[in-house]
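K.L.:
Okay, predicted coordinates and the sequence, questions at the end:
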Amino acid sequence: MSINFFILPDDGLSPLVSPLAAARQTLDVYIFRLEQGAVEQAISAAAHRGVLVRAILDRATAGNQPVYERLIQAGVAARWSPPYFVKTHAKCFVADGEHTVITTANFVAAWPGVRDYGVATDDLAVASAVTSTFEADWREQEGQPTASEVANLIVSPINSRAQTFNFINQAQHSLYVQHEQFDDPAVADLLAARANAGVQVRLLLGERASGTLLARLHSLAPTLLSRTLSQPRPHCKLLIRDAAAIQIGSLNLTTESLDRRREISLLLDDPAAVQRATATFQADWVSASS
């Protein structure tokens, strides 16, 4: 099984564009925002060369209407996201039913100044589960995805709380959190509990994290450390546990993201990916403000 873990902006857009360009038969893509010309061109080019391209666009995102119209004109089968989610926030696609890309990144023009992570994998179980989730959303069949059958896949709201809570609770030595947003009290309680159990917990957050919740968290767990990162701007959703496993994808540590959105994230224990994620976290930690 091959895994390509990538970091933005360091690795450029190739890890996103190349798998799109390699699709030969089918391409199912979730779109929350699409403002990046190279990514849109790769999606449209796939349709032009005869690939069956299906796109689900978030119905609540301002600016998606012209994107929808351009994709339809390019031959993409496009539909709006199901109404039973507040947002369809997933940022992933499956090519040819085999190759899955799951990322924290939106497809936006401002990507050179934004910290994001992603992974491309040919794990067939992951591809099958993401495809079944996409199919359910395409047909607006709420509750049909079977994400719980794939141990390393997180699909919100189906198993996102259970998977994320389990990931946090398993930390024995260190837990690094690099997230743009953070407002869920139950997650805060878990982080405090791990810190008070002797785990080194570090939070590297964006400016949209709840200051009130952070203050409460520091009062519950005085040994927990947090910093704010401004450059590159953190849009990422990354957890690193014990320098041995990571959780990445679209899932924010917010109540809405956990309970009311369609999100897709992945658990990964690939040593090279974990090592690189950890090194990037540590470098960003040094440059962040306390």
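P.N.:
Cool, got the structure.

K.L.:
what about the longest helix in this structure?
P.N.:
Identified as the longest helix of the chain according to DSSP state H is helix 271-287.

K.L.:
in that one, what's buried?
P.N.:
For helix 271-287, burial by neighbour count (16 or more other C-beta atoms under 10 Å) applies to 273-274, 276-278, 280-281, 284-285. In this view, the C-beta of every residue, glycine as well, is placed from N, C-alpha and C.

K.L.:
average pLDDT for it?
P.N.:
The pLDDT scores in helix 271-287 average 97.

K.L.:
Contacts for it, please.
P.N.:
Helix 271-287 is contacted from outside by 3, 5, 7, 10, 115, 117, 119, 176, 178, 202, 204, 227, 229, 231-232, 234, 238, 240, 243-246, 248, 268, using C-beta atoms under 8 Å, 6 or more residues apart in numbering.

K.L.:
Tell me how the chain divides into domains.
P.N.:
3-148, 160-287 (automatic domain parsing).

K.L.:
Output the longest helix of the chain as CSV, restricted to C-alpha atoms.
P.N.:
Output of helix 271-287 as CSV, limited to C-alpha atoms (Å, rounded to 0.1, in the frame of the first residue of the first chain):
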residue,chain,number,x,y,z
PRO,A,271,6.3,6.4,10.3
ALA,A,272,7.5,8.8,7.6
ALA,A,273,4.2,10.7,7.7
VAL,A,274,4.2,10.9,11.5
GLN,A,275,7.8,12.0,11.6
ARG,A,276,7.3,14.8,9.0
ALA,A,277,4.1,16.0,10.6
THR,A,278,5.8,16.1,14.0
ALA,A,279,8.8,18.1,12.6
THR,A,280,6.5,20.6,11.0
PHE,A,281,4.4,21.0,14.1
GLN,A,282,7.6,21.6,16.2
ALA,A,283,8.9,24.2,13.7
ASP,A,284,5.5,26.0,13.7
TRP,A,285,5.5,25.8,17.5
VAL,A,286,8.8,27.7,17.7
SER,A,287,7.5,30.4,15.4
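
K.L.:
how far is that helix from where the chain is centred?
P.N.:
Centroid separation for helix 271-287 versus its chain: 17 Å, with C-alpha atoms, centre = their mean, to the nearest Å.

K.L.:
can you check stretch 232-249 too?
P.N.:
9 Å.

K.L.:
which other residues reach the helix or strand hosting I154?
P.N.:
Element membership for I154, per DSSP states H and E: strand 153-156. Outside strand 153-156, the residues within contact range by C-beta under 8 Å, 6+ apart are 125-126, 129-130, 133, 145, 147, 160, 163-164, 247, 249, 251, 257-259, 261-267.

K.L.:
do the same with stretch 130-142
P.N.:
Contacts for stretch 130-142 (C-beta under 8 Å, 6+ apart): 28, 30, 54, 56, 79, 81-84, 88, 92, 94, 97, 100, 102, 143-147, 153, 155, 262, 264.

K.L.:
For the stretch 101-250 of the chain, which segments count as helices?
P.N.:
Per DSSP state H, counting those that start in this stretch, the stretch 101-250 of the chain carries helices over the ranges 124-138, 160-169, 185-196, 211-220.

K.L.:
and those as a markdown table, adding mean pLDDT, mean neighbour count and distance to H48?
P.N.:
Converted to a markdown table, those look like this (pLDDT from 0 to 100; neighbours: other C-beta atoms under 10 Å; distance: least, C-beta to C-beta, whole Å):
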| stretch | mean pLDDT | mean neighbour count | distance to H48 |
| --- | --- | --- | --- |
| helix 124-138 | 94 | 20 | 21 |
| helix 160-169 | 96 | 18 | 36 |
| helix 185-196 | 97 | 18 | 44 |
| helix 211-220 | 93 | 14 | 47 |
